[in-house]
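A.B. asks: Sequence plus predicted model, see below.
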Amino acid sequence: MKERARILGWSERDLSRQLAELETAGAITRRKVANRTRYEIHFDTQIGSLIPRLTVGEFLEAMKP
């Protein structure tokens, strides 16, 4: 999470907040696998302005492992 936040130029708290909003909107599903969190992305979900500073593509690109 720390590395992804750094890539985006966000704090970890900001990234966590954005992920929570995406989860609430149904755009992602979180699941724990051992000590890691995995995200399933629901590409067909409309998210409107949940990520106002980035395009969805930029956000997803930064989230790649």
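C.D. replies: That came through fine.
A.B. asks: Give me the distance between the residue sitting furthest away from the middle of the chain and residue 10.
C.D. replies: Distance to the chain centre peaks in the chain at residue 34, reaching 19.5 Å (criterion: C-alpha atoms, centre = their mean). According to C-beta to C-beta, to the nearest Å, residue 34 stands 25 Å off from residue 10. For the C-beta atoms, the positions are set from N, CA and C on the backbone; glycine is no exception.
A.B. asks: And the lowest-mean-pLDDT helix or strand in the chain, what's buried?
C.D. replies: Every helix and strand in the chain was compared by mean pLDDT, DSSP states H and E; the lowest is helix 56-63, with a mean of 73. Of the residues in helix 56-63, 59, 62 count as buried by neighbour count, 16 or more other C-beta atoms under 10 Å.
A.B. asks: same question, stretch 9-22
C.D. replies: Neighbour counts using 16+ other C-beta under 10 Å place 10, 15, 18-19, 22 of stretch 9-22 among the buried residues.
A.B. asks: Out of those, which is nearest to residue 39?
C.D. replies: Comparing those against residue 39 with C-beta to C-beta places residue 19 closest, at 7.5 Å.
A.B. asks: what's the closest of the buried residues of stretch 9-22 to residue 3?
C.D. replies: residue 15 (10.2 Å).
A.B. asks: Quick check: next helix or strand after the helix or strand hosting the closest one?
C.D. replies: Using DSSP states H and E, residue 15 sits within helix 12-24. Sequence-wise, the next helix or strand downstream of helix 12-24 (DSSP H and E) is strand 28-33.
A.B. asks: Only the C-alpha atoms, please, for stretch 6-21, written as CSV.
C.D. replies: What follows is stretch 6-21, C-alpha atoms only, in CSV (Å, rounded to 0.1, in the frame of the first residue of the first chain):
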residue,chain,number,x,y,z
ARG,A,6,3.9,6.9,-3.3
ILE,A,7,3.4,6.2,-7.0
LEU,A,8,0.1,8.1,-7.0
GLY,A,9,1.5,10.9,-4.9
TRP,A,10,-1.0,10.2,-2.2
SER,A,11,-0.7,9.3,1.5
GLU,A,12,-1.6,5.8,2.5
ARG,A,13,-4.7,7.2,4.2
ASP,A,14,-5.8,8.8,1.0
LEU,A,15,-5.4,5.6,-0.9
SER,A,16,-7.2,3.6,1.7
ARG,A,17,-10.1,6.1,1.6
GLN,A,18,-10.3,5.8,-2.2
LEU,A,19,-10.2,2.0,-2.1
ALA,A,20,-13.0,2.1,0.5
GLU,A,21,-15.1,4.3,-1.7
